[in-house]
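Student: The following block contains a protein sequence and its predicted model.
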Amino acid sequence: MELIFLLLVFSSVSALSSTELICSHQPIVAQIGDDVILPCHLEPPVNADSWTVLWTKPGLDPKYIHVHQDGRLMFEHQNPSYYLRTRLFMDELMTGNVSMKIFGVKVSDAGEYQCVLPSVQKEASIQLVVGESVVIGSSETITVSVGDDAILPCHLEPPYDVTTRTVEWKRGTKHVHTYRSREDHLEDQDQNFKHRTSLFHHEMEKGNISLKLTDVTEEDAGKYTCFVPKLQSQVRQDYVTLNVDRHSKGDQTDGDQGNSVTGAVIGGVIGGVIGGVIGAVIGAVIGGVIGAVIGGVSGGVSGGVIGAVIGGVIGGVIGGVSGAVIGAVIGGVIGGVIGVLLWKKYGQTRACPRRIRRGRESTAGIQKRNSLRLENIEDKKTKRKKLLCEM
């Protein structure tokens, strides 16, 4: 039996030695007059109902804020400034919750607190910040279009839990949205805002009291007030200005489509001109060469066709359908004209049409041709063109 008892004691001590006392690592923020909880607990949970639990504040004399011993508060050891203002959660000590609640917070309550468990030699500290949070709206105008949703930003700084507070939004004398007792109260809401307003409830514990307004109309424009009536602060309200653009989303979409069409036309014209010029040059050169070989009209036509094809392809790549059409037209016209001109300048001497077919030449014609050759033999350079064209 003695061995079993020793094992039980050893296991109990071992379990307690592995238990940690954990308090919030984040400062606890409270306003003057608030009730605040300084959270502390044992992890893993251990029954602390029969333990001595001390809450102290270093630098204070006496330093004891709350002394729990033998299942009750020991008033005789408590600092007078905290008399009847502190308590533990007695029904939760069995689950390791050793948090302390302070009622009616004062400015002098700010500072560091320590939770001490002498029986297991555990202690942890926590910071209490007491200050005046102020309501902050937006210095910048919020601009949205008709039909959009708008968020009117407003928050408390430093962050403060307003879930138990009253929050009011107004525009002039009109009630826009009211929050009270952890829920929305919209019975006094102006008809123009019915079913269109909401708060971010899950963020209110961080001081976010922004308002969301859906399906905005032109009549919604104006100056809004966010107000926390019972806030212990000199700054309990601030303002947000909403500007509503008359152009709705649909109008903007139509405008964008119009801009797209205009851009496509301009792009097509530019692409067509570029493609047409390139096609014309290429078509003209090729048309000129062909014209020099087979004749002016045929060369011009060839140049025009080639210019149209090349101009259309290049214009289409650069400027789309309209570019292809414009490129084909410009390439065809310029290619044809330049093709004829090139033929006249360079191809005429080698491609003169033969007016008399040799098979039908008469003896007189042959004699005349020979005679012309003899007469012009001394001036070959100057008469060459004329002679060959008369052949």
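Tutor: Good, I have the coordinates. Residues are numbered from 1 along each chain as shown.
Student: For Ile65, which three-state class applies?
Tutor: Three-state secondary structure (criterion: DSSP: H, G, I helix; E, B strand; the rest coil) places Ile65 in strand.
Student: for the chain, which spans come out with low pLDDT?
Tutor: Regions of the chain meeting the criterion pLDDT under 70 cover residues 1-17, 248-269, 271-273, 275-391.
Student: Let me see the contact set for Glu170.
Tutor: Heads up, residue 170 is Lys, not Glu. The neighbours of Lys170, taking C-beta atoms under 8 Å, 6 or more residues apart in numbering as the test, are Val176, Tyr224, Thr225, Phe227. Any C-beta I mention is one placed from the backbone N, CA and C, and that applies to glycine too.
Student: In strands, which of the residues you listed fall?
Tutor: Among the contacts of Lys170, DSSP state E puts Val176, Tyr224, Thr225, Phe227 in strands.
Student: send the alpha carbons of stretch 43-53 over as CSV?
Tutor: In CSV, the C-alpha atoms belonging to stretch 43-53 read as follows (Å, rounded to 0.1, in the frame of the first residue of the first chain):
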residue,chain,number,x,y,z
GLU,A,43,-2.5,24.1,-19.5
PRO,A,44,-3.3,21.2,-19.4
PRO,A,45,-6.3,21.9,-17.2
VAL,A,46,-5.8,21.1,-13.6
ASN,A,47,-8.3,21.5,-10.7
ALA,A,48,-7.1,24.7,-8.8
ASP,A,49,-10.2,24.9,-6.5
SER,A,50,-8.2,24.2,-3.3
TRP,A,51,-5.1,26.2,-4.3
THR,A,52,-4.0,29.6,-3.2
VAL,A,53,-4.3,32.1,-6.1
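Student: and the protein, what are its domains?
Tutor: Residue ranges of the domains in the chain are recorded as 20-130, 134-247, 268-355+363-376+384-391, according to automatic domain parsing.
Student: Top of the contacts of Lys170 by number of neighbours, please.
Tutor: Tallying neighbours with other C-beta atoms under 10 Å puts Tyr224 at the head of the contacts of Lys170, with 25 neighbours.
Student: What about Asp188, how many residues nearby?
Tutor: Around Asp188 sit 10 other residues, with neighbours defined as other C-beta under 10 Å.
Student: List the beta-bridge partners for the residue nearest to it when sequence neighbours are not counted.
Tutor: Residue nearest to Asp188 in three dimensions, not counting chain neighbours: His175, with 4.6 Å by C-beta to C-beta, 6 or more residues apart in numbering. As for beta bridges, His175 partners with Lys170 under DSSP bridges.
Student: what's the answer for Val29, then?
Tutor: Legend: beta-bridge partners of Val29 under DSSP bridges are Val129.
Student: For it, give me its contacts.
Tutor: Contacts for Val29 were tallied using C-beta under 8 Å, 6+ apart; they are Val129, Gly131, Ser133, Pro158, Pro159, Tyr160.
Student: any idea how far Leu152 is from the last one?
Tutor: Taking C-beta to C-beta, to the nearest Å as the measure, Tyr160 falls 19 Å from Leu152.
Student: In this structure Thr225 contacts Arg171, no?
Tutor: Yes: distance between Thr225 and Arg171: 7.4 Å, which falls inside the contact criterion (C-beta atoms under 8 Å).
Student: before we move on, the earlier item: just put the contacts of Val29 in TSV and tack on secondary structure.
Tutor: As requested, the contacts of Val29 are arranged in TSV below (three-state DSSP):
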residue	secondary structure
Val129	strand
Gly131	coil
Ser133	coil
Pro158	coil
Pro159	coil
Tyr160	coil
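Student: which of those lies closest to Ile209?
Tutor: Tyr160 (10.0 Å; C-beta to C-beta).
Student: That closest one: neighbour count?
Tutor: 24.
Student: Over to the one 4 residues further on?
Tutor: Counted with other C-beta under 10 Å, residues neighbouring Thr164 total 13.
Student: now swap in Arg246 and tell me
Tutor: Counted with other C-beta under 10 Å, the neighbours of Arg246 add up to 9.
Student: again, but for Leu21
Tutor: Going by other C-beta under 10 Å, the residues that sit close to Leu21 add up to 20.
Student: Could I get the contacting residues of it?
Tutor: Leu21 makes contacts with Cys40, His41, Leu42, Glu43, Val98, Cys115, Leu117, Lys122, Glu123, Ala124, as judged by C-beta under 8 Å, 6+ apart.
Student: Redo the ones in strands among the contacts of Lys170 as CSV? Include distance to Asp215.
Tutor: Formatted as CSV, the entries for those read as follows, by distance: C-beta to C-beta, whole Å:
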residue, distance to Asp215
Val176, 14
Tyr224, 16
Thr225, 22
Phe227, 24
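Student: which one of the residues you listed is nearest Met94?
Tutor: Sorting the ones in strands among the contacts of Lys170 by distance to Met94 puts Phe227 at the head of the list, at 43.2 Å, by C-beta to C-beta.
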